[in-house]
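S.K.: here is a sequence together with a model predicted from it:
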Amino acid sequence: MRRKHSKSLHGAGIDVLFIGIYGENLFSVLVIALGNVGEERRRRTEVAVGWWVVPPRQKLLSVFLVMRAQVFSDLHLDFAGSFRPTPAPGATLAIVAGDVGHSPDSLRLLSGWPVPVVFVPGNHEYDGADLADGDEELADVCRELGFTLLNCAVHELTDDHGRLRLVGASRWWDFDLLGRNRRDECMTFGERYLRHMGSAWNGRPLHSEEVRELALSHRIWLAKTLAKSFDGRTIAITHSGPSARSADPRYGMRPGTASFCNADDDLLHLADVWIHGHLHCAHDYVAEHHSGHRTRVICNPRGYDRLGEPAGFIDHLVIDL
């Protein structure tokens, strides 16, 4: 043993303590990372401890990278008063599962976010617009802001745990949540939400039939993409809920719920984590599969102030991917 060295770094709300032991050919590093999480008045401290043995001249920065995502959705900033989201200390990525506001321009309120942002559109980003025009405008705004737009698209990353793929699609609503025999009833209820959106499809008012067509195309794309072999972790991101388990307990399994959740339970086993929005109630549950594989399902929406929905929102929710 030659010597010990310790160092504390301060930045982005994180204190990192390195305790290293030099040997003849290797440098062993004990890393203790302290990150403050939460609002000022109710902070808690997260502690992550790791031990690595690396060549003495290897850049240590690459050793300590672990993908940590801040997750949120349904901010509805057009109706949120003075509220604005803030970056979570310790997050290396932000995943936004739709409905930041009621037009693509709302995304500009996230301008200057200090870490990469991955965005999956919600239904309200298309309010008052033709869906084709909305897609084009969303692409332009995300390009301007440097955000990664995922709508039937894949984004791959790498950290010290290996490869990671983010598979994203809005997924819309196919109205089959309650079964095919109740599809027509669910589509009728869906018309109420679509009238509120005021969106169009190829120049004509958007109706349940077109939404179902779009939803099924997203379902086919998700199923094929998630089924592709991948040597790493898979994170699925949709706006709509992937299971009846994500239904809002205030309303239960009503026909209107089929405009918020899809019966994609058979796809859950293809992902390690499934992040969604749309439901204005928080979820964090685990779907267990016959293979023994487990999928964590997370929804962290803010919702509308007038309905008291932000009470369940965690401003700085950060998860390890």
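M.R.: Received the coordinates, thanks.
S.K.: only alpha carbons, please: show the helix or strand residue 184 falls within as PDB.
M.R.: Assigned by DSSP states H and E, residue 184 belongs to helix 183-197. Output of helix 183-197 as PDB, limited to C-alpha atoms (Å, rounded to 0.1, in the frame of the first residue of the first chain):
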ATOM      1  CA  ARG A 183     -65.300  -0.900 -27.200                       C
ATOM      2  CA  ASP A 184     -68.100   1.200 -28.800                       C
ATOM      3  CA  GLU A 185     -69.200   2.400 -25.400                       C
ATOM      4  CA  CYS A 186     -65.700   3.500 -24.500                       C
ATOM      5  CA  MET A 187     -65.200   5.200 -27.900                       C
ATOM      6  CA  THR A 188     -68.400   7.200 -27.300                       C
ATOM      7  CA  PHE A 189     -67.000   8.400 -23.900                       C
ATOM      8  CA  GLY A 190     -63.700   9.200 -25.700                       C
ATOM      9  CA  GLU A 191     -65.500  11.700 -27.900                       C
ATOM     10  CA  ARG A 192     -66.000  13.900 -24.900                       C
ATOM     11  CA  TYR A 193     -62.200  14.300 -24.300                       C
ATOM     12  CA  LEU A 194     -61.500  14.800 -28.000                       C
ATOM     13  CA  ARG A 195     -64.100  17.600 -28.200                       C
ATOM     14  CA  HIS A 196     -62.200  19.300 -25.300                       C
ATOM     15  CA  MET A 197     -58.900  18.900 -27.200                       C
END
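S.K.: run the chain-centre distance for that helix.
M.R.: Between the centre of helix 183-197 and the centre of its chain there are 26 Å (Cα atoms, centre = their mean, to the nearest Å).
S.K.: give me the contact list for the helix or strand just after that helix.
M.R.: On the C-terminal side of helix 183-197, the nearest following helix or strand under DSSP H and E is strand 200-201. Here strand 200-201 makes contact (Cβ atoms under 8 Å, 6 or more residues apart in numbering) with 129-131, 206-207, 210. C-beta coordinates here come from the backbone N, C-alpha and C atoms, glycine included.
S.K.: ok, now stretch 205-222?
M.R.: With Cβ under 8 Å, 6+ apart as the criterion, stretch 205-222 contacts 131, 152, 167, 169-175, 187-188, 190-191, 194, 197, 199-201, 236, 238, 240, 262, 264, 267.
S.K.: can you tell me which of the residues you listed are buried?
M.R.: Using 16 or more other Cβ atoms under 10 Å as the burial test, the contacts of stretch 205-222 include 131, 152, 167, 169-175, 187, 190-191, 194, 197, 199-201, 236, 238, 240, 262, 264, 267 as buried.
S.K.: first-to-last residue distance for stretch 283-302?
M.R.: Stretch 283-302 has an end-to-end distance of 12 Å (criterion: Cα to Cα, to the nearest Å).
S.K.: would you indicate which residues of that stretch are buried?
M.R.: Applying 16+ other Cβ under 10 Å to stretch 283-302 flags 283, 287, 295-302 as buried.
S.K.: just to revisit the earlier point, so which of the contacts of strand 200-201 belong to helices?
M.R.: Among the contacts of strand 200-201, the members falling in helices (DSSP state H) are 131, 210.
S.K.: out of the contacts of strand 200-201, which two sit at the greatest distance?
M.R.: Pairwise distances across the contacts of strand 200-201 peak at 15.5 Å for 129 and 207 (criterion: Cβ to Cβ).
S.K.: between those two, who's got more neighbours?
M.R.: residue 129 (21 against 15; other Cβ atoms under 10 Å).
S.K.: surely that one and residue 199 touch.
M.R.: Yes: counting by Cβ atoms under 8 Å, residue 129 touches residue 199, with 6.0 Å between them.
S.K.: give me the three-state assignment for residue 221.
M.R.: helix (DSSP: H, G, I helix; E, B strand; the rest coil).
S.K.: for burial, what's the neighbour tally of it?
M.R.: Neighbours of residue 221 (other Cβ under 10 Å): 16.
S.K.: what of the one 3 residues further on?
M.R.: By other Cβ under 10 Å, the residues close to residue 224 number 9.
S.K.: doesn't it fall inside a helix?
M.R.: Yes: read with three-state DSSP, residue 224 is one of the residues of a helix.
S.K.: distance check, it against residue 157.
M.R.: 21 Å (Cβ to Cβ, to the nearest Å).
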